[in-house]
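Student: got a predicted structure plus its sequence, pasted below:
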Amino acid sequence: MAVDGVTSATSTTSTASNSSASSASAAASLDYDSFLKLLIAQMQNQDPTDPMDASEQIAQLATFSQVEQTIQTNANLETLITGNALTNATNYIGQTITSADESITGVIESVRVYSDTMVATTTEGDEIPITVGVRVGEPSTPDPDTDTDSDA
């Protein structure tokens with residue numbers, strides 16, 4: 001079985017996932033810094049006879065904080081979904097797969113995980129996208145009652 005193929009795909013996808021989460025965090029940090037700079041500039045350049053309302057400043061800060069938390073939550077969910085897909089891919093190896101139109105059947109040798117789908121490669125080299133209608137199950141075992149090597 002080609003477990004090494006999934007391991008390298010796991011490492012690559014995990015690294016890509018971590019870097020995308022880091023870049024999302026960095027982007028959120030840059031946006032937060034920009035927001036604070038704008039808020040400070042707004043406070044420094046406000047009209048002294050008509051200062052900005054403190055409750056308005058707090059509301060802006062709270063709104064931006066909520067947006068930042070949403071970005072962080074999305075990055076965490078993306079990492080979780082990627083990990084779940086990799087676990088599913090590993091569990092598919094050695095299983096029997098049948099394409100949606102039932103034209104291809106085989107034993108899964110490796111699985112590639114993409115952002116929107118997984119593609120299984122059978123021991124015969126066929127590639128089957130794992131989508132709606134595809135059947136994946138335990139490999140079939142030969143029935144001992146239909147032994148073709150009998151001496152009778």
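Tutor: Thanks, I have it. This structure is a prediction, so every number in the text was calculated from the model and none was measured.
Student: do a quick rundown of the strands in the protein.
Tutor: Using DSSP state E, the strands found in the chain span residues 96-98, 105-113, 118-122, 127-130, 135-137.
Student: quick check: neighbours of the longest one in the sheet, parallel or antiparallel?
Tutor: Counting by DSSP bridges, the strands paired with strand 105-113 are strand 96-98 (antiparallel), strand 118-122 (antiparallel).
Student: ok, back up a step: nearest to Ala54, of the strands of the chain?
Tutor: strand 105-113 (49.8 Å; C-beta to C-beta). Backbone N, C-alpha and C define where each C-beta goes, glycine included.
Student: average pLDDT for that closest one?
Tutor: Strand 105-113 carries an average pLDDT of 93.
Student: helices and strands of the chain: which one bottoms out on pLDDT?
Tutor: One helix or strand of the chain scores below all others by mean pLDDT, DSSP states H and E: helix 3-44, with a mean of 60.
Student: hang on, the earlier thing: out of the strands of the chain, which gets nearest to Leu61?
Tutor: Of all these, it is strand 105-113 that lies closest to Leu61, at 39.3 Å by C-beta to C-beta.
Student: pull the CA atoms of the closest one into PDB?
Tutor: The C-alpha coordinates for strand 105-113 follow below in PDB (Å, rounded to 0.1, in the frame of the first residue of the first chain):
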ATOM      1  CA  THR A 105     -13.900  -0.300  -9.500                       C
ATOM      2  CA  GLY A 106     -10.700  -1.000  -7.600                       C
ATOM      3  CA  VAL A 107      -8.800  -0.900  -4.400                       C
ATOM      4  CA  ILE A 108      -7.600   2.600  -3.300                       C
ATOM      5  CA  GLU A 109      -3.800   2.800  -3.300                       C
ATOM      6  CA  SER A 110      -3.500   6.600  -2.600                       C
ATOM      7  CA  VAL A 111      -5.600   9.700  -2.100                       C
ATOM      8  CA  ARG A 112      -4.800  13.300  -3.100                       C
ATOM      9  CA  VAL A 113      -6.500  16.000  -1.100                       C
END
